[in-house]
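> Here is my input; please provide its structure:
(chains A and B)
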Protein chains: 2
Amino acid sequence: MSNIQTHEYELLKGMEKRERRILAKVLSLCESDPGKANILLGKLPKSTAHIVGMTGSPGIGKSTLVNAILNEMPERRVAAIAVDPSSPFTGGALLGDRVRMQSHATSENIFIRSFASRGSLGGLSPSIYEACNAFESFGMNYVIVETVGVGQSEVDIVNVADTVVVALSPDNGDEIQMMKAGLMEIADMFVINKFDNPKSQILLSRLRAAMAMGRKEIPIYLTNALTGEGVSDLVKALNERFLTISSNGVLKKRRKNRLIHHAQSTLKRELDFLIEKIDLEEEGIDLDGLRRKLIHALCWNHSESRK
Amino acid sequence: MSNIQTHEYELLKGMEKRERRILAKVLSLCESDPGKANILLGKLPKSTAHIVGMTGSPGIGKSTLVNAILNEMPERRVAAIAVDPSSPFTGGALLGDRVRMQSHATSENIFIRSFASRGSLGGLSPSIYEACNAFESFGMNYVIVETVGVGQSEVDIVNVADTVVVALSPDNGDEIQMMKAGLMEIADMFVINKFDNPKSQILLSRLRAAMAMGRKEIPIYLTNALTGEGVSDLVKALNERFLTISSNGVLKKRRKNRLIHHAQSTLKRELDFLIEKIDLEEEGIDLDGLRRKLIHALCWNHSESRK
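Residues are numbered from 1 along each chain as shown, chains lettered A, B, ... in the order given. Alright, predicted model coming up:
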């Protein structure tokens, strides 16, 4: 017991001193025991980072774009989280970019981490919430969360990020998919990457038409992540947006929404965990009885973890 | 209040009398208000149907296979549930088969229903549990649940079905995907559909090699769903398996596992519902406070729905 408390003190002190090796340990705790991580992080003062979600279909250069953004923020402390495609469907496209990102890995200001996407295909890792909190306690200025870009994670990111950047590419008929998946509803900014492709003009005009129809005005940025063109404008826009939402109440609202979804995600994760422990041999229990048992276990699980 | 109770009595009576129009109403209730459906179904005597999960990648002919199975069971009361691809990713491939299935729709013994897959991509509809219970209360002999065949639903089906049939096709490199997605772990039977394709011999030998490696022996059936070849053997095997698992304790174990996952799914669904009601404006609440609030709401939500 006293051993554990010493360990905790070490973690708290290391986080305050911005020791990268301690941050790595805390992030591992976020993945392995998020309940404990939440309690630990609750004991630390927290600064506010700008949490940016980067979403869009696989293969349009999201990782390269994140990489280019990191290049444009040499003076800021930035964390980049990539949600790992643990599913067989998404392949290894990210891996190459991950390696590219590693060029930043030695920089003191930049911290890169990948998280497995557990559970349903394309879902955000439930530890993303804890990881963002850890990065904020560490004093990061920016946390960039890159989604796999498949299914639910594209939309779920709105419950994590202060700003959702939807990246599109002229190559792959994204404008249609975008409409279907509800990306128009969650985008705070659009980025058309590979804008040197002549087809990007068509995409741009379709995007503007869709916005006119939906009576929305979402800023659009044109980039070429590989050459870095247009990326400084995007970074400038991100910085400006953070100042705006900090003062007009939007940030506060997003953070409350995030807290609610974090609590929901925590409970769902606990349910997944508790289900493994239920005694299959017990006789004569019905749906209602099991339901009550699970709710009881949720209460108990919590008070237990606080010991 | 008395009006609602009359309505409930009508539903109960109609279910007992096997009125199809009442079954349709109860299934709609399963989708719209599963909590209420659970209470209603708890009041009905329940027979045990053989719940068969049909899974496998999109486009390998699952719906056609279900259709062929229905043809081979003229004397049984069979329900077929297709999980609708509500996602933009899976397209309309199922639709054609659905129409083909409709040839059975007029038969007194067969009931076909499609369910939207809500939430995460490829997930099973959480109402599947209630729908299976409704079909059992109606006195069906078989309930065949066809999954979309993408991601999580392929594996989740093991928590619903008494028997999981994994359909493979020689066309699309399924043997690789099968290994990755953990289908080997959940399969009770394999079906190689379109077995007239010469490549099916390669698939067959790879499947046998994989089983030898995993020290598993899972029966393999060869079918051609379009012509109906091999389907009667599959149906015979399904009938025999149901007799076996009814007497050797396997059915009992699967049903307990199913009950536990049903309770978990119910609570998760309630959490999704409760999150919409939380007051964003309330000040000074933290993760721990919200967590307790949600657990409290779960208890309350339940007692309320029982009124």
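> Now do the same contact list for the closest residue to A:Gly230 other than its chain neighbours.
In space, and not counting its chain neighbours, A:Gly230 is closest to A:Thr223: 3.8 Å by CB to CB, 6 or more residues apart in numbering or on different chains. Quick note: C-beta positions are derived from backbone N, CA and C, even for glycine. Residues counted as contacts of A:Thr223 (CB atoms under 8 Å, 6 or more residues apart in numbering or on different chains) are A:Leu65, A:Ala68, A:Val191, A:Ile192, A:Asn193, A:Phe195, A:Glu229, A:Gly230, A:Val231, A:Leu234.
> Report the two of these separated the most.
The most widely separated members of these are A:Ala68 and A:Ile192, with 14.0 Å between them, by CB to CB.
> Name the residues that touch stretch A:268-286?
The contact list for stretch A:268-286 (CB under 8 Å, 6+ apart) reads A:34-35, A:119, A:126, A:290, A:293-294, A:297-298, A:301-302, B:42, B:253, B:256-257, B:259-261, B:264, B:267-268, B:271.
> run the last query once more with 10 Å
Stretch A:268-286 is contacted by residues A:34-35, A:118-119, A:126-127, A:289-290, A:292-298, A:300-302, A:305, B:38, B:42, B:159, B:252-253, B:256-257, B:259-261, B:263-265, B:267-268, B:271-272, B:291, B:295 when judged by CB atoms under 10 Å, 6 or more residues apart in numbering or on different chains.
> Buried subset of these as a PyMOL selection?
In PyMOL syntax, the buried subset of the contacts of stretch A:268-286 is picked out as below (16 or more other CB atoms under 10 Å in any protein chain shown):
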select buried, (chain A and resi 34+35+118+119+126+127+290+293+294+295+297+298+301+302) or (chain B and resi 38+159+256+257+259+260+261+263+264+265+267+268+271+291+295)
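> Quick one: mean pLDDT for whichever helix in chain A runs longest?
Ordering each helix of chain A by length in residues (DSSP state H) puts helix A:250-275 first. Looking at helix A:250-275 alone, the average pLDDT works out to 88.
> likewise stretch A:58-77?
Rounded mean pLDDT across stretch A:58-77 is 88.
> thought A:Glu229 was touching A:Ala68?
Yes: taking contacts as CB atoms under 10 Å, A:Glu229 lies within contact range of A:Ala68: 9.1 Å.
> The two: which has the busier surroundings?
Taking other CB atoms under 10 Å in any protein chain shown, A:Glu229 and A:Ala68 do not tie; A:Ala68 has more neighbours (23 against 14).
> what's the spacing between the more buried one and A:Gly182?
Distance, A:Ala68 to A:Gly182, using CB to CB, to the nearest Å: 27 Å.
> Kindly report the same for A:Ile81.
22 Å.
> the more surrounded of those two?
For A:Ile81 versus A:Gly182, neighbours defined as other CB under 10 Å are more numerous around A:Ile81 (28 against 13).
> Quickly list what's touching both of A:Ala68 and A:Ile192.
Joint contacts of A:Ala68 and A:Ile192 (CB under 10 Å, 6+ apart) are A:Thr223, A:Asn224, A:Gly230.
> And the helices in the stretch 101-250 of chain A?
In the stretch 101-250 of chain A, the helices defined using DSSP state H, counting those that start in this stretch lie at A:128-137, A:152-156, A:174-180, A:183-186, A:200-213, A:231-247, A:250-275.
> Give me whichever of those helices is most buried.
helix A:128-137 (a mean of 25; mean count of other CB atoms under 10 Å in any protein chain shown).
> How about it and chain B, touching?
Yes: against chain B, helix A:128-137 shows contacts by CB under 10 Å from any CB of the partner chain at A:Tyr129, A:Glu130, A:Asn133.
> what's the answer for stretch A:183-202, then?
No: Stretch A:183-202 does not reach chain B (CB under 10 Å from any CB); its nearest approach is 10.8 Å.
> what's the model's confidence in that stretch, averaged?
Average pLDDT, stretch A:183-202: 88.
> now do stretch A:205-221
Averaging pLDDT along stretch A:205-221 gives 85.
> Now do the same contact list for the spatially closest residue to A:Glu108 that is not a sequence neighbour.
If the residues on either side of it in the chain are set aside, A:Glu108 comes closest to A:Arg20, at 7.9 Å by CB to CB, 6+ apart. By CB under 10 Å, 6+ apart, the contact set of A:Arg20 is A:Gly14, A:Glu108, A:Phe111, A:Phe138.
> Please apply the same query to A:Asn193.
A:56, A:60-62, A:64-65, A:68, A:167-171, A:200, A:221-226, A:230-231.
> and the gap between it and chain B?
Between A:Asn193 and chain B the distance is 21 Å, computed by CB to the nearest CB, to the nearest Å.
> now swap in A:Pro170 and tell me
Taken as CB to the nearest CB, the span from A:Pro170 to chain B is 19 Å.
> how many neighbours does that residue have?
The number of residues packed near A:Pro170 is 21, by other CB under 10 Å.
> just the strands in the stretch 1-150 of chain A please.
Secondary structure of the stretch 1-150 of chain A by DSSP state E, counting those that start in this stretch: the strands cover A:50-55, A:78-84, A:110-116, A:142-146.
> just the CA coordinates of the first one, formatted as CSV?
In CSV, the C-alpha atoms belonging to strand A:50-55 read as follows (Å, rounded to 0.1, in the frame of the first residue of the first chain):
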residue,chain,number,x,y,z
HIS,A,50,-6.5,23.1,-27.6
ILE,A,51,-7.8,19.6,-28.4
VAL,A,52,-8.0,19.2,-32.2
GLY,A,53,-9.6,16.2,-33.8
MET,A,54,-8.3,15.3,-37.2
THR,A,55,-10.8,13.2,-39.1
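> got the angle between that strand and helix A:231-247?
Counting by axes from the mean of the first three to the mean of the last three CA atoms, to 10 degrees, strand A:50-55 lies at 130 degrees to helix A:231-247.
> what pairs with strand A:50-55, and is each one parallel or antiparallel?
Applying DSSP bridges, strand A:50-55 is found paired with strand A:142-146 (parallel), strand A:163-168 (parallel).
> Please tabulate those strands in a markdown table, including the columns distance to B:Arg77.
As requested, the strands paired with strand A:50-55 are exported to a markdown table (distance: least, CB to CB, whole Å):
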| stretch | distance to B:Arg77 |
| --- | --- |
| strand A:142-146 | 50 |
| strand A:163-168 | 49 |
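> Nearest approach to B:Arg215 belongs to which of those strands?
Nearest to B:Arg215, of those and by CB to CB, is strand A:142-146 at 40.2 Å.
> correct me, but A:Leu298 touches B:Ala297?
No: assessed by CB under 10 Å, A:Leu298 is found out of contact with B:Ala297, at 11.7 Å.
> now the residue most central in space within chain A, which residues is it bridged with?
Among the residues of chain A, A:Val145 comes closest to the average C-alpha position under CA atoms, centre = their mean, at 3.7 Å. In this entry, A:Val145 is beta-bridged to A:Gly53, A:Ile81, by DSSP bridges.
> cool, and A:Ser114?
A:Ala82.
> separation between it and chain B?
19 Å.
> re earlier: so how far is the following helix or strand past the longest helix of chain A from its chain's centroid?
Using DSSP states H and E, the helix or strand that follows helix A:250-275 in sequence is helix A:287-305. What separates the centre of helix A:287-305 from the centre of its chain is 29 Å, taken as CA atoms, centre = their mean, to the nearest Å.
> how about the CA coordinates for helix A:287-305, as PDB?
Extracted C-alpha coordinates of helix A:287-305, given in PDB (Å, rounded to 0.1, in the frame of the first residue of the first chain):
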ATOM      1  CA  LEU A 287     -32.700 -10.200 -17.200                       C
ATOM      2  CA  ASP A 288     -34.000  -7.900 -14.500                       C
ATOM      3  CA  GLY A 289     -32.000  -9.500 -11.800                       C
ATOM      4  CA  LEU A 290     -28.800  -9.300 -13.900                       C
ATOM      5  CA  ARG A 291     -29.500  -5.700 -14.700                       C
ATOM      6  CA  ARG A 292     -29.700  -4.900 -11.000                       C
ATOM      7  CA  LYS A 293     -26.600  -6.900 -10.300                       C
ATOM      8  CA  LEU A 294     -24.700  -5.000 -12.900                       C
ATOM      9  CA  ILE A 295     -25.800  -1.600 -11.500                       C
ATOM     10  CA  HIS A 296     -24.800  -2.700  -8.100                       C
ATOM     11  CA  ALA A 297     -21.400  -3.900  -9.400                       C
ATOM     12  CA  LEU A 298     -20.900  -0.500 -11.000                       C
ATOM     13  CA  CYS A 299     -21.400   1.200  -7.700                       C
ATOM     14  CA  TRP A 300     -19.100  -1.200  -5.900                       C
ATOM     15  CA  ASN A 301     -16.400  -1.200  -8.600                       C
ATOM     16  CA  HIS A 302     -16.100   2.500  -8.100                       C
ATOM     17  CA  SER A 303     -15.800   2.700  -4.300                       C
ATOM     18  CA  GLU A 304     -13.400  -0.200  -4.500                       C
ATOM     19  CA  SER A 305     -11.100   1.500  -7.000                       C
END
